[in-house]
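Trainee: sequence first, predicted model second:
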Amino acid sequence: MYDPHFNSVDQIEKFLKTSRNLAFGVASKKEKYLWISKVLIRFSYKRLRKKHKTIIKRYVKKITDYSMSQIKRLVRRHYQGCLNYPIKIQRRVSARKYAPVDIALLIKTDIVHDGLSGPATKKILKREYENWGKENYATISAISVSHIYNLRKTNQYKSNTSFFHKTNPVNINIGERRKPEPNGKPGYLRVDTVHQGDKIGLNEEDEQKGVYHINTVCEITQWQIIGCAEKISERYLIPVLLEILEQYPFKVLGFHADNGSEYVNRVVAALLNKLLIQLTKTRPRHSNDNALAETKNGSVIRKHFGYIHIPQPNAKLINQFYKKSFNIYLNFHRPCGFATIKTDKKGKQRRFYRHEDYETPYERLTKLPNAKQYLKDGVAFETLNKIARAKSDNEFAEEMMRAKRELYSKIRFDIKNRY
């Protein structure tokens, strides 16, 4: 490194005037820092006048080729006692907590449940270890929700996974137009219809409608029962509705639908009136009245059946799948999020979802105060508990996925023979 080793500020000033076109480099950053400290000490920089300080800084700039702003920072660091060249610290790499075996369990859980949210997945992993005593889930059961999403971005995870018409408004004076008020009681259902696509042909005669999924959800427990009807006329819809209502373990007290004519009609109203079930319908300009059912349409039905056209004669097969497998999976083995509602000073309510707030509809039902009073006659928690404890979440999800694959194979076979 070039260092003229001057002893006075005047010598440096002359040097700067005579070497205007010269440029001097340094060997390393460490040498620069060491030399700057020596210069500042040699000339007692702090005691110098402002003019002489400027000359020293210009001199340092000439030798080190640093910018003036950087030199000012280095001078300040020198007098703070921290102008030492930073030593590269070799950080200790923490041991990997979740091995490929644990990630494989996460992959398996996501596949059999068709990729639930992070909090719901964490709940299932925890239940596999704590409720069913599976020791191989001990490590992965303690994973945080945020780290589940981190593992889903890894190469191991990615390489092993892959993943209409509007309702016409009808003005009929049937049903009360208001939002249901369950007051913490189960049995107030939100209902909606999901149409499984149309087959579009060259002519109008070739066009064919798909099956209709009847989606019902309890507002308090999120207990969900789904049925499938060939058509939404009274002849096909009423038997499916009766079958859906029979599958609920608790008494059904309310039935809330949008303004579609498949539910807001005299036949359905007479049926509900006979069963002492109150019919309500969505208010105008209140799109959130039936938001729970709309949400389940996408996160459950569309997720598992998509938008592909399924011919109407397959409705019975789908309905059997719902009753024997899928509805049990939804209510005993698939955690749902129950929001914690906080009200601010202005009265505005905000919903927060913590991973502790995720539980299955059956768990939610058992935690209601004096829950036995809501059960139907002949239904006991002992019987429901046997269903819940018969298999773990992942085991039943695997069984449900096998049943779904068998259903798909039958539907494809049926399509192949018909068209």
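Mentor: Received, thanks. Residues are numbered from 1 along each chain as shown.

Trainee: quick one: residues contacting the residue nearest the centre of the chain.
Mentor: Residue closest to the average C-alpha location in the chain (CA atoms, centre = their mean): residue 117, at 3.8 Å. Applying CB atoms under 8 Å, 6 or more residues apart in numbering, we find residue 117 in contact with residue 337. Every residue, glycine included, has its C-beta placed from N, CA and C.

Trainee: how is the protein divided into domains?
Mentor: Following automatic domain parsing, the chain resolves into domains at 9-79, 100-160, 177-418.

Trainee: residue 191 is in what secondary structure piece?
Mentor: Per DSSP states H and E, residue 191 falls inside strand 188-195.

Trainee: which SSE is immediately downstream of that strand?
Mentor: Reading on from strand 188-195 to the C-terminus, the next helix or strand found by DSSP H and E is strand 198-199.

Trainee: and the very next helix or strand once past that following strand, what does it pack onto?
Mentor: Using DSSP H and E, the helix or strand that follows strand 198-199 towards the C-terminus is strand 208-209. Here strand 208-209 touches strand 198-199, going by 3 or more CB pairs under 8 Å, 6 or more residues apart in numbering; DSSP states H and E.

Trainee: tell me the helices and strands packed up against the strand it packs on.
Mentor: Applying 3+ CB pairs under 8 Å, 6+ apart, one finds that strand 198-199 makes contact with strand 208-209.

Trainee: report all helices and strands that the helix or strand just after the strand it packs on contacts.
Mentor: Sequence-wise, the next helix or strand downstream of strand 208-209 (DSSP H and E) is strand 212-218. Contacts defined by 3+ CB pairs under 8 Å, 6+ apart place strand 212-218 against strand 188-195, strand 224-229, helix 234-247, helix 291-296.

Trainee: now do strand 212-218, average pLDDT.
Mentor: What strand 212-218 shows for mean pLDDT is 95.

Trainee: what strands flank it, and is each parallel or antiparallel?
Mentor: Pairing partners of strand 212-218, with direction, according to DSSP bridges: strand 188-195 (antiparallel), strand 224-229 (antiparallel).

Trainee: can you list contacts of that strand?
Mentor: Under CB under 8 Å, 6+ apart, the answer for strand 212-218 is 186-196, 223-232, 237, 240-241, 244, 248, 250, 292-293, 296-297, 300-301, 305, 315, 318, 361.

Trainee: go with 7 Å
Mentor: Contacts with strand 212-218, where a contact means CB atoms under 7 Å, 6 or more residues apart in numbering, come from 186-196, 224-229, 231-232, 240-241, 244, 292-293, 296-297, 301.

Trainee: buried ones in the top helix by length along the chain?
Mentor: Criterion DSSP state H: the longest helix present in the chain is helix 393-418. Buried residues in helix 393-418, defined by neighbour count with 16 or more other CB atoms under 10 Å: 393-394, 396-401, 403-404, 407, 411.

Trainee: the stretch 301-419 of the chain: strands as residue ranges?
Mentor: 336-337, 340-343, 349-352, 358-359 (DSSP state E, counting those that start in this stretch).

Trainee: only the buried subset of the contacts of strand 212-218, as a ChimeraX command please.
Mentor: The following ChimeraX line selects those of the contacts of strand 212-218 that are buried, judged by 16+ other CB under 10 Å:
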select :186,187,188,189,190,191,192,193,194,195,196,224,225,226,227,228,229,232,240,241,244,292,293,296,297,301
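
Trainee: residue 348 versus residue 379, what's the distance?
Mentor: Residue 379 sits 40 Å away from residue 348 when distances are taken as CB to CB, to the nearest Å.

Trainee: okay, now the closest residue to residue 59 other than its chain neighbours: neighbour count?
Mentor: Once flanking residues are discounted, residue 59 sits nearest to residue 12: 4.8 Å by CB to CB, 6 or more residues apart in numbering. Neighbourhood size, residue 12 [other CB atoms under 10 Å]: 21.

Trainee: make sure residue 12 is indeed in a helix.
Mentor: Yes. Looking at residue 12 with DSSP: H, G, I helix; E, B strand; the rest coil, it is inside a helix.

Trainee: wait, what's in contact with it?
Mentor: 6, 55-56, 59.

Trainee: relative to residue 17, which of the strands of the stretch 301-419 of the chain is closest?
Mentor: Nearest to residue 17 among these is strand 349-352 (69.4 Å), distances taken as CB to CB.

Trainee: need the CA coordinates for the closest one. CSV is fine.
Mentor: Extracted in CSV, the C-alpha atoms of strand 349-352 (Å, rounded to 0.1, in the frame of the first residue of the first chain):
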residue,chain,number,x,y,z
GLN,A,349,-66.3,-7.0,14.6
ARG,A,350,-63.1,-8.7,13.5
ARG,A,351,-62.6,-12.4,13.1
PHE,A,352,-59.4,-14.1,14.0
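
Trainee: partners of that strand, with directions?
Mentor: Sheet pairing of strand 349-352 (DSSP bridges) gives strand 340-343 (antiparallel).

Trainee: what's the partner strand in contact with?
Mentor: Contact with strand 340-343 is made by 349-352, 354, 357, as judged by CB under 7 Å, 6+ apart.

Trainee: low-confidence stretches in the stretch 101-250 of the chain?
Mentor: 163-172, 201-206 (pLDDT under 70).

Trainee: hmm, 50 instead?
Mentor: Residues of the stretch 101-250 of the chain meeting the criterion pLDDT under 50: 164-166, 170.
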